[in-house]
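Colleague: Need coordinates for the following:
(2 chains)
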Number of protein chains: 2
Amino acid sequence: MSKEITSRTTDYSQWYNDLILKGGLADYSAVRGCMVIKPYGYAIWENMRNELDRMFKETGHENAYFPLFVPKSLFEAEEKNAEGFAKECAIVTHYRLKADPENKGKLIVDPEAKLDEELVVRPTSEAIIWNTYKGWIQSYRDLPLLINQWANVVRWEMRTRLFLRTAEFLWQEGHTAHATSQEAVDETVQMLHVYATFAEEFMAMPVIKGVKSANERFAGAVDTYCIEALMQDGKALQAGTSHFLGQNFAKAFDVKFADKENKLDYVWATSWGVSTRLIGALVMAHSDDQGLILPPKLAPIQVVIVPIFKGEEQKQLIDEKVKILQQQLKLAGIRVKYDDNDNNRPGWKFAEYEMKGVPVRIAIGARDIANNVVEVARRDTKEKVTMSIDGLAENIIVLLNDIQTAIYNKAKSFRDEHITNANSWEEFVALLDGKAGFIAAHWDGTPETEDKIKELTKATIRCIPLDNTMEEGKCILTGNVSQQRVLFARAY
Amino acid sequence: MSKEITSRTTDYSQWYNDLILKGGLADYSAVRGCMVIKPYGYAIWENMRNELDRMFKETGHENAYFPLFVPKSLFEAEEKNAEGFAKECAIVTHYRLKADPENKGKLIVDPEAKLDEELVVRPTSEAIIWNTYKGWIQSYRDLPLLINQWANVVRWEMRTRLFLRTAEFLWQEGHTAHATSQEAVDETVQMLHVYATFAEEFMAMPVIKGVKSANERFAGAVDTYCIEALMQDGKALQAGTSHFLGQNFAKAFDVKFADKENKLDYVWATSWGVSTRLIGALVMAHSDDQGLILPPKLAPIQVVIVPIFKGEEQKQLIDEKVKILQQQLKLAGIRVKYDDNDNNRPGWKFAEYEMKGVPVRIAIGARDIANNVVEVARRDTKEKVTMSIDGLAENIIVLLNDIQTAIYNKAKSFRDEHITNANSWEEFVALLDGKAGFIAAHWDGTPETEDKIKELTKATIRCIPLDNTMEEGKCILTGNVSQQRVLFARAY
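Modeller: You can find the predicted model right below:
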């Protein structure tokens, strides 16, 4: 075996780090809390980005780019937003270095190059964007304004995890402006559905669509919608959020529009985002103790071909055949790699591509060619079958679709088995420390109770599901009356 | 007319700003020196990025992502690079804001959240990347390492111009590592050719490939190769650079590899980049006093269809016909927009799409449909022709190709007419203040002479062309002996 991976049962957290590092997705960097996204990890992000970008454009959005820096006076304009992010902001205070007079070859910050107003490195862009929208929106004809941005953001975190929580991360942030409250709410919900579709159809990761309680709401939002996924250790992961911002930012930045009757009103807003955190979710949703398991729709390499040969003559024979096969697979739209690297043996390669989660491996030897077949192994179940070389591309497409469906179904069964009702505090606590997963329980609707539950158990309300059934009950902590169950979990 | 543009002869600089702002490419922001790239401008950047990214991948490169911040101690490791960029660095010194005790609702930088080591916002990423490569490269088997990054960078500039010179800009930066000097030089030159191909075939902008003099070299490079374009005011614009970095960064970050004989040596490096500055170049290369002229291969909208009608009945007839035509054009791979917005009249739309540089405009009325024709106008020459509706898509493809070629040829004629030999100081100065453009003149090869010429005339050596003919002569300033002419110009 090429590289050892800690098993999930031994140390789940170390298993995750092993997958990220040994799978070649990311690396630690010299900058506290910031990671390097390696080519294989970045290729997954590119595939995610391309699909999401297509979905955003199909729903009428355009991309734009706004400054990295937010002047402090703009940042503090929407008070709740500012308060929510103030503690995690990287601040630019100077714009020049100079030679250190006491230390040859070293540099110091030039005290004469102090900025009059400090700049916040954007932790999110509502402030700079709504300050810009003020100049772009005058009348109802300028609405709706449907803009998305692909960018890096910085949120200073004390405890970081590769992909899941890093000081800098890549994301997209949609920022839309509307003439009516209803239109903004519709947009918020539409984008939540886009995220859910992406998670389920591309990431093969089932999600619950819901709305956040006040405690977990985005700072500055009226309502935060979210998709919540379940990881294999029974912890939840928030995979995307879509916020109805009401008129909060329009008021903070004085963005008004004239309606058809020429009456002035503040504009209604939404914002929504997903980030490179999704890569962490993808890794934890499907992978096993041998390595990554990637859904075919997002895998950078969908099929790897490994030659099995003795001697140069066999190798040439295989090379010629693979050249044709590779061409056919590429024409069928399959991302295929032929690994004929001499430095490594087939067994090493098998383990390496298992580690990297390549959905399908094709092994081909001289005898296979004589029999007009190849050996096809799927990563998720490790099943091997012999397939005819004739019509291979068509059969591989079917197989890739099968794998995509199979890993979704597996994750969905696990998730569904891990949504459990708790009807008392004792049941609630026992579940959290035992089976874990989502726990559906009654809550009295107050932030104080939610805080108390979090303090006692580290569990939070992940969401109030959109399709919730109303059911009278009593809050598991206070016994006060409740109209519906909400989903609790410990979360990433 | 919808919007007034200053003419080139009245004020070239204002003409440029008018095109950017009124054409909807970018906007000023609240952050000094930073711009907002608006959707139409960003769509051009996306088209550029997609083509370049394809070309990078075809030449074996992969994308990755490295941190935005560079710790000061890493930044200063390669001394020449650090010295070159020190004066334009934005510096993060704190990681938290807190409520201002003296000013309710306001925030101040928390003095207790001062970083032990300041972070430089990357002006370029050699330092952070080579520090990372140290962990990735052990042996010749790890080489070549061919990585590109799409990112934002910050260079604090005192005088900024939209797209041409902004404090923050978007770019790509390739960073490669090689086992031999020759291989690194070959990579440097290969990427220069990629840039030149992109500039000429996609931007329709002829460029001169050359190498920089020592004065104009990238800080930390052994040699800087460049492509230089000529704008309509006779000033040059550096459109892309490709650097052979020798072993400078490998030595600064101690990156060694074991060769096949297990002998250790420092790794050889290149870096190369183009930025959103290319959008500024694109604008200035082709546009006229009516607005932008965009090359079809990069235009966000290649064809706009404008209906000409009286009454709802005619409108419906046209809508139905356009629906079919639009479908046919899209199937042929053409980016087409149907503008049936009721708020604006056809004349307003004609001016608007001229302003926005849409290569082809199709006008269609009820009588046209009766005659089975449409009116087709090309933006570059403003010629109008009547085209049959039958086979329209095929003919539009031919027309778009014709426009692409025509604007390249026009720019090339202009450029070729503006490369002039100067054989004396008097000729040189007269040309600079008269005809301008590139001036081919003898230079004695010393940095001192180049500095003096720059001081006297603001002209710099743009490059020593790669295909230069050797020719003995005398330096225009000092009269000292020279082996070849070099290209001078005033530049952006």
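Colleague: from here on, contacts and neighbour counts on C-alpha atoms
Modeller: Fine.
Colleague: so the closest residue to chain B within the stretch 351-492 of chain A, which of the three states?
Modeller: When scored by CA to the nearest CA, the stretch 351-492 of chain A has residue A:352 as its residue closest to chain B, at 16.0 Å. Under DSSP: H, G, I helix; E, B strand; the rest coil, the three-state class of residue A:352 is helix.
Colleague: Report how many residues lie close to it.
Modeller: Counted with other CA atoms under 10 Å in any protein chain shown, residues neighbouring residue A:352 total 19.
Colleague: now do the one 10 residues further on
Modeller: Residue A:362 sits with 21 neighbouring residues when counted by other CA under 10 Å.
Colleague: That one: which element?
Modeller: Taking DSSP states H and E as the criterion, residue A:362 maps to strand A:360-365.
Colleague: strand partners of that strand, parallel vs antiparallel please.
Modeller: Strand pairing for strand A:360-365, determined by DSSP bridges: strand A:303-308 (parallel), strand A:373-378 (antiparallel).
Colleague: now what about stretch A:84-97, what contacts it?
Modeller: Around stretch A:84-97, the neighbours that count as contacts under CA atoms under 8 Å, 6 or more residues apart in numbering or on different chains are A:107-111, A:113-115, A:117-123, A:154-157, A:219, B:86-98, B:107, B:109, B:156.
Colleague: how about 7 Å then?
Modeller: With contact meaning CA atoms under 7 Å, 6 or more residues apart in numbering or on different chains, stretch A:84-97 is reached by A:107-110, A:113-115, A:118-121, A:123, A:154-157, A:219, B:86-98, B:156.
Colleague: For the nearest residue to residue A:157 once chain neighbours are set aside, the count of nearby residues, please.
Modeller: Once flanking residues are discounted, residue A:157 sits nearest to residue A:167: 5.6 Å by CA to CA, 6 or more residues apart in numbering or on different chains. For residue A:167, the count of nearby residues is 25 (other CA under 10 Å).
Colleague: thought residue A:167 was touching residue A:156?
Modeller: Yes. Contact criterion CA atoms under 7 Å: residue A:167 and residue A:156 qualify, at 4.9 Å.
Colleague: Quick check: residue A:288 vs residue B:418, distance?
Modeller: According to CA to CA, to the nearest Å, residue A:288 and residue B:418 sit 65 Å apart.
Colleague: Show me the helices in chain A, by range?
Modeller: For chain A, the helices defined by DSSP state H occupy A:12-22, A:39-58, A:72-75, A:79-85, A:126-136, A:181-201, A:248-252, A:277-286, A:311-331, A:346-355, A:366-371, A:392-417, A:425-433, A:447-457.
Colleague: TSV please, covering the ones you listed and showing mean pLDDT.
Modeller: TSV is the format used below for the helices of chain A (pLDDT from 0 to 100):
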stretch	mean pLDDT
helix A:12-22	97
helix A:39-58	98
helix A:72-75	97
helix A:79-85	94
helix A:126-136	98
helix A:181-201	98
helix A:248-252	97
helix A:277-286	98
helix A:311-331	96
helix A:346-355	97
helix A:366-371	96
helix A:392-417	98
helix A:425-433	97
helix A:447-457	97
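Colleague: Give me whichever of these is most buried.
Modeller: The highest mean neighbour count among the helices of chain A, using mean count of other CA atoms under 10 Å in any protein chain shown, belongs to helix A:277-286: a mean of 23.
Colleague: Get me the contact residues on the stretch 151-300 of chain A for chain B.
Modeller: residue A:156 (CA under 7 Å from any CA of the partner chain).
Colleague: quick one: contacts for the nearest residue in space to residue A:475 that is not next to it in sequence?
Modeller: Closest residue in space to residue A:475, ignoring its immediate chain neighbours: residue A:443 at 4.2 Å, by CA to CA, 6+ apart. By CA under 7 Å, 6+ apart, the contact list for residue A:443 reads A:475, A:476, A:482, A:485, A:486.
Colleague: got the CA coordinates for stretch A:117-136 in CSV?
Modeller: Extracted in CSV, the C-alpha atoms of stretch A:117-136 (Å, rounded to 0.1, in the frame of the first residue of the first chain):
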residue,chain,number,x,y,z
GLU,A,117,-9.2,54.9,7.2
GLU,A,118,-8.6,51.2,7.8
LEU,A,119,-9.7,48.6,5.2
VAL,A,120,-11.5,45.4,6.2
VAL,A,121,-10.6,42.4,4.0
ARG,A,122,-14.2,41.3,3.0
PRO,A,123,-15.6,38.6,5.2
THR,A,124,-18.7,38.9,3.0
SER,A,125,-19.6,41.7,0.5
GLU,A,126,-23.0,43.1,1.4
ALA,A,127,-21.6,46.4,2.5
ILE,A,128,-19.4,47.2,-0.5
ILE,A,129,-22.0,45.8,-2.9
TRP,A,130,-25.0,47.8,-1.5
ASN,A,131,-22.9,50.9,-1.4
THR,A,132,-22.3,50.3,-5.2
TYR,A,133,-25.9,49.4,-5.9
LYS,A,134,-26.9,52.9,-4.6
GLY,A,135,-25.4,54.3,-7.8
TRP,A,136,-27.0,51.7,-10.0
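Colleague: Against residue A:95, how distant is the residue lying closest to residue A:291 once chain neighbours are set aside?
Modeller: Spatial nearest neighbour of residue A:291, chain neighbours left out: residue A:355 (3.9 Å); criterion: CA to CA, 6+ apart. Residue A:355 sits 45 Å away from residue A:95, going by CA to CA.
Colleague: closest point of the stretch 151-300 of chain A to chain B, which residue?
Modeller: Going by CA to the nearest CA, chain B is nearest to residue A:156 of the stretch 151-300 of chain A, at 6.5 Å.
Colleague: Give me the pLDDT for the closest residue to that residue other than its chain neighbours.
Modeller: Once flanking residues are discounted, residue A:156 sits nearest to residue A:88: 4.3 Å by CA to CA, 6+ apart. pLDDT for residue A:88: 96.
Colleague: I figured residue A:225 was touching residue A:240, is that so?
Modeller: No. Using CA under 7 Å as the test, residue A:225 is too far from residue A:240 to be in contact (8.5 Å).
Colleague: Up against chain B, what does the stretch 1-150 of chain A have?
Modeller: Proximity of the stretch 1-150 of chain A to chain B, by CA under 7 Å from any CA, involves residues A:29, A:31, A:34-39, A:42, A:62-67, A:69-71, A:76, A:79, A:86-98, A:105-107, A:132.
Colleague: Pull out the buried residues from those residues.
Modeller: Buried residues within these, defined by neighbour count using 16 or more other CA atoms under 10 Å in any protein chain shown: A:29, A:31, A:34-39, A:42, A:62-67, A:69-71, A:76, A:79, A:86-98, A:106-107, A:132.
Colleague: and chain A, what are its domains?
Modeller: In terms of domains, chain A is parsed into A:12-68+A:84-90+A:131-286, A:303-399, A:419-489 (source: automatic domain parsing).
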